[in-house]
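> just the structure for this:
(chains A, B and C)
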Amino acid sequence: MVLITGYVKMNGTEINIKKTGFLKEYFGTIFTSLSSLLTGMKLTGYYFIHPNKIITEQYPDNRATLKMAERFRGEVTLPHNENNEHRCNGCQSCEIACPNGSIKIVTKHEISEDGKKKKRIDTWVYHLEMCTFCNLCIEACPSKAIVMGKKFEHSVYDKSQLVKILNKPGSKVMKEAEE
Amino acid sequence: MQMTRKPSDITTDAKSGEVLHHEGEFIINMGPQHPATHGVLHLKIWLEGETIKKIEPHLGYIHRGIEKMCERLSYRQFIFSTSRMDYLSAHINNQACALAVEKALGLEVPPRAKAIRIILAELTRIASHELWWACSGLDLGGVTPFFYAFREREAINDIMEETCGARLTQNFIVPGGVMSDLHHNFQKRVKRVLTQIKDNLHEYDEILTGNIIFQNRLKEVGYLSREDAISYGCTGPAARGSGLSCDIRKLYPYDGYEKLDFDEIIFNEGDCWARYRVRMAEILQSVHIIEQLIDSIPDGEFQAKTKNVIKLPKGQFYQRVETARGELGVFIVSDGAATPYRCKFRSPNFSNLSAIPQMAQGAKIGDLVAIMATVDLVIPDIDR
Amino acid sequence: MEKLHLLFVFSFSWLASHLNMWLRTGIGNSFLLLVTEMLIAGISLLAFLVILCFFLGYMERKVAAFMEIRLGPNRVGPKGSLQIVADTVKLLFKEGLTPDGSDKFLFNLAPFVVVVTSMLAIAPLAFARDFQLWDVNIGIFYVTSISSMAVIGILMAGWSSSNKYSLIGAMRSGAQIVSYELSIGLSLISIVILSGSLRLSDIIQSQANGWWIFKGHIPVLISFIIFIIASTAEINRAPFDLTEAEQELTGGFHTEYAGMKFAMFLLSEYINLFIVSAIAATIFLGGWMPFHIGNLTGFNHAMDYIPSSLWFFGKTFFIIFIIMWFRWTFPRLRIDQLLNLEWKYLLPISMGNTLLVSAMAVFGWYL
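Below you'll find the model as predicted:
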């Protein structure tokens, strides 16, 4: 018994007409279908009995051992050394480089010992809520004063808590980073 | 079954006289919140029973005005915003912008930077195709494949995190090269990921590609002819499944693709199954491209010297690249200032979406899901 | 030996007969006695079903998780076992919203109809040796007719929600259940032919010298496979979950349900899962009958020491696991493919198979 089976595509042109024995094709379809289904079941079954293949990261539990990548961009930080000194001399390159205005640097003028007027930072305002972690400020900084921090758990209950002042109170600029 | 209609069966709008729907048809709104639209796409569907009569896509739910935003950003800054268009090929979008700026400046990019860009772009493409594979399985009702694909995608994302600092919106490309040199683990980890992908690809075939239910859901569904693909402006795997040669990496090579050995995958069937196979084969092609480069990354600078403030000469500049979903074009009109006068992105998903009503003519609701899965829409790229 | 005797407690027949005797001494009136016994049976059945659903929910999540190379629930309770309790408490506190424009009476009635119809089918099941609620002489007929009533609740829910997604889901369910009924009936009939009885206890007794799946050779194996496939479709589980098809219909017939009313649908899904697996275990795998091999008396005696309830639940959970395995491996079918599968493959094959089985029964081609 030979039956013509074929299908017609939606635009009306016939593309695939094949002649096979009806019974052969019918049972062949059943056989290939069942074997394809069993192949899939074999794979899921394999993983079911191999719990050591589980890849889930146990996030809140592994906090102590969690190590972020070296270049991970978590937040902009202004590192201070032990003498409460940072490297920012208030050139505002980062403020200009920032595409969405997350950085606002308020400067002031200080009179140094030799009587010269010098530009110094007053407050280094960082809007974490607007930051897209694009790294352009870090690239722009001529004195390498700011770096990307590794902290990533930034959730807070109020948006205002995300506005950060990065320079610590009473901090000074390092000698070698001046100008 | 088309029945003859009486005039009383047609509901028209009282003011405009526009035909709203016929008797026996009903309209469902798929989206903006729907599990299968992968975002805030809104499809208005006219149904007769289970059969789709007409589809009308409604856009604009995630329009952020990226093109307008770019007009006030400098040429260094506007690159980051394109990561938010097609977020699955963020790196390739950034590459397109940087290439456009470099083309305008006539800037020669160091060979090391070019190699890094290509490796990262192909990794992005693999990651994007992995996510597409995961989601197309999910859309057709199989949840398990999702996790198998994410295993490999996570490994790629870890590499991105290590070298670029971010997993998804890398912003690693700057005009003239890349932001920083490769991480010292990069080559080792990429090789490990490539072996992992090649070792695990057979699992993909076992659980989904070879599965008879999955094949039947895709075969002869969502037919798009070559002519329609051209007239709708489809690009990428969606068009290559219809036999249209449109791989920008082959036709208009950039960043040194011309020196690499890879095939443009073309299938002529034009159905969902062809589009599916195009993407599966492209994963292997991308692996092949990375393998050629990973051991022979040229030494040298990773970034060409550029001025602090980049100003493009007056004129219009266009650069196209092949993202994971098709052709992305960046069109910049410059008046000589430090910011673009006008910036236009030709996004692949917008054109691909416009072909969906054609593909879904006479299909079932379940088929529409399969069509959207294989066209692989990213909604933020449609609206921008 | 004492410990072994203790194990027989799990066979329940001891418990049932002692309870009956104790009540008989307490309550003289036979009508009151019947009512009390019914109440006890009903309450214990309800409690059993709730615990069963908690367990099945947990099992499904864990099975899914391990197949998807992840851990699954592991926060609430030991190894996450109380997660489903936490979810139930959450559902209890959620607002049971009835949408505007819905048929409010039918909308609120539908979850109960669905649950009640699935609970009804549990009556003739034999959980252990001599432990059966209602050994009706038309057991299989009763089960098949009750299970086809489930579609009424689903249609009710889909229609009354006044939501087009729900309506499509309900209509799909109608087409699906009506079609797959046929294959289920035919595959059950093959065992009815072989054992010569509709009564479930008779069918179990007929397997004392070997389960039908071993005695009946290939035709019964085919019936078994068809029964598993068709019953997966009957209870609307993946890959046949077109009625709720999340990616197409956002939830199908229960799109509009929330809170406890939604939990009812979940409850009925798990009860149905248990029932079809229990039926398959009873009909094809011998119910509570222990596994015996020919004349190996020592082995057979050892098998007899395993309580009959454990045999029953072991077999049932084995089939439940297989159905879960389906769900977490396969993608979903399309509606026309679903009907093709039934009308072009399952139905003709099971018809031919019934013919074979009848021949077997007539010529006595089984052990």
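> from chain A, how far out is the residue in the stretch 101-250 of chain B positioned nearest to chain C?
Proximity of the stretch 101-250 of chain B to chain C (CB to the nearest CB) peaks at B:Gly141, 2.8 Å away. For the C-beta atoms, the positions are set from N, CA and C on the backbone; glycine is no exception. Counting by CB to the nearest CB, to the nearest Å, the separation of B:Gly141 from chain A is 13 Å.
> and for C:Leu167?
With distances taken as CB to the nearest CB, C:Leu167 is found 27 Å from chain A.
> ditto for B:Asp381
Taking CB to the nearest CB, one finds B:Asp381 at 17 Å from chain A.
> just the element for that residue, please.
Using DSSP states H and E, B:Asp381 falls within helix B:379-383.
> for B:Lys54, same thing?
Element membership of B:Lys54 [criterion: DSSP H and E] is strand B:51-58.
> buried stuff in the helix or strand just after that strand?
Downstream of strand B:51-58, the first helix or strand assigned by DSSP H and E is helix B:66-70. Using 16 or more other CB atoms under 10 Å in any protein chain shown as the burial criterion, the residues of helix B:66-70 that qualify are B:Ile66, B:Glu67, B:Met69, B:Cys70.
> which among these gets closest to chain A?
Chain A lies nearest to B:Met69 out of the buried residues of helix B:66-70, by CB to the nearest CB, at 8.6 Å.
> hmm, back to that, so what touches the helix holding B:Asp381?
Outside helix B:379-383, the residues that touch it by CB atoms under 8 Å, 6 or more residues apart in numbering or on different chains are B:37-41, B:59-64, B:84-87, B:325, B:347-350, B:353.
> same question for that helix, mean pLDDT?
Throughout helix B:379-383, pLDDT has a mean value of 87.
> chain center to that helix: distance?
10 Å (CA atoms, centre = their mean, to the nearest Å).
> still on that earlier bit, for the residue of the stretch 101-250 of chain B closest to chain C, give me phi and psi.
With angles defined as degrees, to the nearest 10, B:Gly141 sits at phi 100, psi 0.
> likewise for C:Ala361?
phi -70, psi -40.
> now do C:Leu200
Backbone dihedrals for C:Leu200, given as degrees, to the nearest 10, come out at phi -60, psi -40.
> contact partners for it?
C:Pro124, C:Leu125, C:Ala126, C:Gln132, C:Asp135, C:Gly139, C:Ile140, C:Thr282, C:Gly287.
> go through those residues and say which is closest to chain A.
Nearest member of the contacts of C:Leu200 to chain A, counting by CB to the nearest CB, is C:Thr282, at 24.4 Å.
> the helix or strand hosting that closest one and chain B, are they touching?
Per DSSP H and E: C:Thr282 is located in helix C:259-284. No. Against chain B, helix C:259-284 shows no contacts by CB under 8 Å from any CB of the partner chain, the least distance being 15.9 Å.
> run the chain-centre distance for that helix.
Remark: helix C:259-284 is offset 5 Å from the chain centroid, using CA atoms, centre = their mean.
> count of neighbours near C:Thr329?
28 (other CB atoms under 10 Å in any protein chain shown).
> how about a markdown table for the buried residues of helix B:66-70, with pLDDT added?
As requested, the buried residues of helix B:66-70 are arranged in a markdown table below (pLDDT from 0 to 100):
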| residue | pLDDT |
| --- | --- |
| B:Ile66 | 89 |
| B:Glu67 | 89 |
| B:Met69 | 88 |
| B:Cys70 | 88 |
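> farthest pair in these?
Farthest-apart pair in the buried residues of helix B:66-70 is B:Glu67 and B:Met69; separation 7.2 Å (CB to CB).
> strand partners of the helix or strand hosting A:Lys119, parallel vs antiparallel please.
Element membership for A:Lys119 (DSSP H and E) is strand A:117-127. Strands that pair with strand A:117-127, judged by DSSP bridges, come out as strand A:103-111 (antiparallel), strand A:163-165 (antiparallel).
> list the buried residues of whatever helix or strand comes next after that strand.
Next along the chain after strand A:117-127, taking DSSP H and E as the criterion, comes helix A:136-140. Using 16+ other CB under 10 Å as the test for burial, helix A:136-140 gives A:Leu136, A:Cys137, A:Ile138, A:Ala140.
> show me which of those residues is closest to B:Glu227.
A:Leu136 (45.0 Å).
> make sure the closest one is actually in contact with B:Ser81.
No. With contact defined as CB atoms under 8 Å, A:Leu136 does not reach B:Ser81; the gap is 11.6 Å.
> low-confidence ranges in chain A?
A:1-20, A:176-179 (pLDDT under 70).
> show me where it has strands.
A:2-8, A:14-21, A:75-77, A:85-86, A:103-111, A:117-127, A:147-149, A:163-165, A:172-173 (DSSP state E).
> need those in JSON lines (columns: mean neighbour count).
Formatted as JSON lines, the strands of chain A follow (neighbours: other CB atoms under 10 Å in any protein chain shown):
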{"stretch": "strand A:2-8", "mean neighbour count": "11"}
{"stretch": "strand A:14-21", "mean neighbour count": "11"}
{"stretch": "strand A:75-77", "mean neighbour count": "20"}
{"stretch": "strand A:85-86", "mean neighbour count": "20"}
{"stretch": "strand A:103-111", "mean neighbour count": "14"}
{"stretch": "strand A:117-127", "mean neighbour count": "17"}
{"stretch": "strand A:147-149", "mean neighbour count": "16"}
{"stretch": "strand A:163-165", "mean neighbour count": "14"}
{"stretch": "strand A:172-173", "mean neighbour count": "18"}
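> let me have those in a markdown table, extended by distance to B:Asn185.
Formatted as a markdown table, the strands of chain A follow (distance: least, CB to CB, whole Å):
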| stretch | distance to B:Asn185 |
| --- | --- |
| strand A:2-8 | 51 |
| strand A:14-21 | 50 |
| strand A:75-77 | 24 |
| strand A:85-86 | 30 |
| strand A:103-111 | 31 |
| strand A:117-127 | 30 |
| strand A:147-149 | 18 |
| strand A:163-165 | 31 |
| strand A:172-173 | 35 |
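> can you list the low-confidence ranges for the stretch 51-200 of chain B?
Short version for the stretch 51-200 of chain B, where the test is pLDDT under 70: none.
> name the residues of it found near chain C, please.
Looking at chain C, the residues of the stretch 51-200 of chain B close enough under CB under 8 Å from any CB are B:Gly137, B:Leu138, B:Asp139, B:Leu140, B:Gly141, B:Gly142, B:Val143, B:Thr144, B:Phe146, B:Phe147, B:Tyr148, B:Arg151.
> just to be sure, the last one is in a strand?
It stands for B:Arg151. No. Assigned with DSSP: H, G, I helix; E, B strand; the rest coil, B:Arg151 falls outside any strand and is helix.
> show me the contacts for the nearest residue to it once chain neighbours are set aside.
In this structure, B:Arg151 finds its nearest non-sequential neighbour in A:Ile55, 5.4 Å apart by CB to CB, 6 or more residues apart in numbering or on different chains. Listed by CB under 8 Å, 6+ apart, the contact partners of A:Ile55 are B:Arg151, B:Glu154, C:Ile69, C:Arg70.
> which of those sits closest to B:Lys198?
B:Lys198 has its nearest neighbour among those in B:Arg151, at 13.8 Å by CB to CB.
> residue 42 - how many residues pack around it?
In the absence of a named chain, chain A is used. Neighbour number of A:Lys42 under other CB under 10 Å is 12.
> you looked at the wrong chain, it should be chain C
With other CB under 10 Å as criterion, C:Gly42 counts 12.
> interface residues of chain B facing chain A?
B:73, B:76-78, B:80-81, B:144, B:151, B:154, B:158, B:161-166, B:169, B:171, B:174, B:179-180, B:183, B:203, B:206-208, B:210-213, B:220, B:223, B:225, B:361-362.
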